[in-house]
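K.L.:
next input, structure requested:
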Amino acid sequence: YDFQGFISNYPPVTGDVDHNGKPEIYFMSNHEDSLILCILSCTKYPAFVCHKHFIDRTSLKGNLNDYTYGNLSFADLQLDGIDEVMFSVFAGYSLQPRRLYAYDTRDDTVLMGPLMGCQTLFVQAQLDDDPYVEFIGNSSSTGNMPPGLKIPYTDSSAWLMALDHQLKFIFDPIEYKGHKTYLGAKPLTIGNSTRIITLFDFASNMAINPELAIYDNKGKLLKKKELSKPGGKDYYSLVQNRKNPSPDIIVKDGSGRFYKVDSLLNFQPLNALGENYAGDYTSFDVDDDGSLENVFQCINYEGIYITREDFSYPVHVKIPFDRSRSQISIQKNGHLPALLFIQRGDKEYWVRYQRNMLWYAKFPIWLGIYFLILGFIHGVRRFQTIQQKKLKAREDQLVQLQLETVSTYLDPHFTFNTLNTITGLIYKEEKI
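P.N.:
I've put the predicted structure just below:
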């Protein structure tokens, strides 16, 4: 297909917006100053039909479109049984657009969120009791927007934002001032209510501390906790599962250790992977065992980490590609085990992740080593016991011989002969 422009480097996403059992493929492209949503639908395999839909105008940096998009997902905003296609767009040095979009596939219309200067990635949440979905934003301040531009919510600060199903603010955005700041946000369930937990950190020398905070769904601060860290770099991040969002609040620090955070903002250590991995991850059932595994990309893109669902047993897989972002998915193989599929440009790599049965053999091996050592110790003690018994037997024999000698000396016949001999000697001496 001729998409008349450039296709985004971010991976396509599949979704069945009309729930007819035939998922479509969605991805973004741009042509000159136009941002375009592309949809590939399968009418009758192997025939595909491509639909292109104009989304918005983009500012140009020179002759280039400098933007990225993220968190392409699906949500039924109108509760009409047809999902809208949701995605955040944040321009770089071209500055605009930076906002949340919802594309209605049935009416071919685009709903735009508020215009903003900061870069914000919105994620779905259920903040109240109504059936409509809401959105909360993860924001960062890049500081590349000139102060003269009259665009609200400047990118010299990070902002806490929440939008309703009409993409309007639920409460006035809350500002966290500072250059190179980061604000992560996730829904937090406490009893029957949903709160917003935030993590604020920064990558500059500021005379403040990072903090965790809990807000209600109206933007009221309920609780906060300051954190300590080494200065001069961002240290904490709120870990997000991109594919299967978890209700657990997971934080990682700069040393690579995970913590689970409870509703009182207490930290419970989980595990450590080291510093060389990105905070966000994707979950797949890689080994077909019915439970999810977590897949992290290394920060320098030289490989991936795979862990169990509780972040235990990390496995590092080095990828022999150029160092760039990888697209990761699962390739099903019928009755054969699934494969983790990794793609970088035109290069492809498959990883088979499965339980190492030799790992289970370590228990009987350890048990065998234990009994071997136990047998060796028992043998040494047995040898020592035998030697001690032999030594005691010799000592008893010597004592017995000594007793027999003494007993011989005390025999009456021997005594009589001795006295007789002495008497004879005395008689002879007197005679002389």
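
K.L.:
quick one: low-confidence ranges for the stretch 1-150 of the chain?
P.N.:
1-5, 9, 43-47, 60-65 (pLDDT under 70).

K.L.:
make it 90
P.N.:
1-15, 18-25, 27-54, 56-73, 89-98, 105-107, 117-121, 123, 128-130, 140-150 (pLDDT under 90).

K.L.:
can you give me the strands in it?
P.N.:
Assignment of strands within the stretch 1-150 of the chain using DSSP state E, counting those that start in this stretch yields the ranges 6-7, 13-15, 24-31, 34-44, 47-57, 67-75, 84-91, 98-104, 109-112, 119-125, 134-140.

K.L.:
need these in JSON lines (columns: distance to residue 298 and mean neighbour count).
P.N.:
For glycine as for every other residue, the C-beta is placed from the backbone atoms N, C-alpha and C. Supplementary listing: those in JSON lines, determined by distance: least, C-beta to C-beta, whole Å; neighbours: other C-beta atoms under 10 Å:
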{"stretch": "strand 6-7", "distance to residue 298": "25", "mean neighbour count": "12"}
{"stretch": "strand 13-15", "distance to residue 298": "23", "mean neighbour count": "15"}
{"stretch": "strand 24-31", "distance to residue 298": "25", "mean neighbour count": "19"}
{"stretch": "strand 34-44", "distance to residue 298": "30", "mean neighbour count": "16"}
{"stretch": "strand 47-57", "distance to residue 298": "32", "mean neighbour count": "14"}
{"stretch": "strand 67-75", "distance to residue 298": "19", "mean neighbour count": "19"}
{"stretch": "strand 84-91", "distance to residue 298": "24", "mean neighbour count": "23"}
{"stretch": "strand 98-104", "distance to residue 298": "28", "mean neighbour count": "21"}
{"stretch": "strand 109-112", "distance to residue 298": "36", "mean neighbour count": "14"}
{"stretch": "strand 119-125", "distance to residue 298": "21", "mean neighbour count": "22"}
{"stretch": "strand 134-140", "distance to residue 298": "21", "mean neighbour count": "25"}
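
K.L.:
in CSV, list the ones you listed along with distance to residue 227.
P.N.:
Listed next are the strands of the stretch 1-150 of the chain as CSV, based on distance: least, C-beta to C-beta, whole Å:
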stretch, distance to residue 227
strand 6-7, 40
strand 13-15, 34
strand 24-31, 36
strand 34-44, 38
strand 47-57, 38
strand 67-75, 26
strand 84-91, 26
strand 98-104, 28
strand 109-112, 36
strand 119-125, 22
strand 134-140, 18
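
K.L.:
helices of this protein, start to end?
P.N.:
For the chain, applying DSSP state H gives helices covering 357-409, 412-431.
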